[in-house]
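K.L.:
Pasting the sequence and the predicted model now:
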Amino acid sequence: MEQTVVSYIPETNGHSDPEPIYCKFVVIETAGTRNLIVGPVSEYPYHANLVDRFCSDNLIASSWIQRPDLVRIFDSAVKIRGGGYLSFDFARKEVKLAGVSKAYGAYQPNQIARVVERTDFFVGFNVSISGL
């Protein structure tokens, strides 16, 4: 299975040492691809906001079931595999993934580890995944 990261984190505008960024993430599997979708809590206060954006960007049929915290995907080939929280500490070069999505459940730490190993998104960071 292919592993990708879809980041909705704004660019740091060239700052060499920006403040830490606190994010939410969800894992969505599409035809042969595991997608780790990441966005700052300030812009995506609910995991469902990430699901909605990803579905909209990828023309995946979905609908709000309970706004603002639950989006349902209608394509049976697309599966939400949980979510959690992520923090980027640029000064320390650390990323931490932890927590559980109330709407979509817990992520599988081994699946997140594969994404970290097989993508360039986390290069240069020490990554810790709760549950490993």
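P.N.:
Arrived safely, thanks for sending.
K.L.:
Residue 126 versus residue 67, what's the distance?
P.N.:
Here the distance between residue 67 and residue 126 works out to 37 Å (CB to CB, to the nearest Å). The way it works is simple: take the backbone N, C-alpha and C, and place the C-beta from them, glycine included.
K.L.:
so what pLDDT did residue 16 get?
P.N.:
Among the per-residue scores, residue 16 holds a pLDDT of 55.
K.L.:
nope, residue 132 is what I meant
P.N.:
Here the pLDDT value assigned to residue 132 is 66.
K.L.:
tally of neighbours for the closest residue to residue 21 other than its chain neighbours?
P.N.:
Beyond its immediate neighbours in the sequence, the residue positioned closest to residue 21 (CB to CB, 6 or more residues apart in numbering) is residue 88, lying 4.5 Å away. Here the count is done by other CB atoms under 10 Å, and residue 88 has 21 residues near it.
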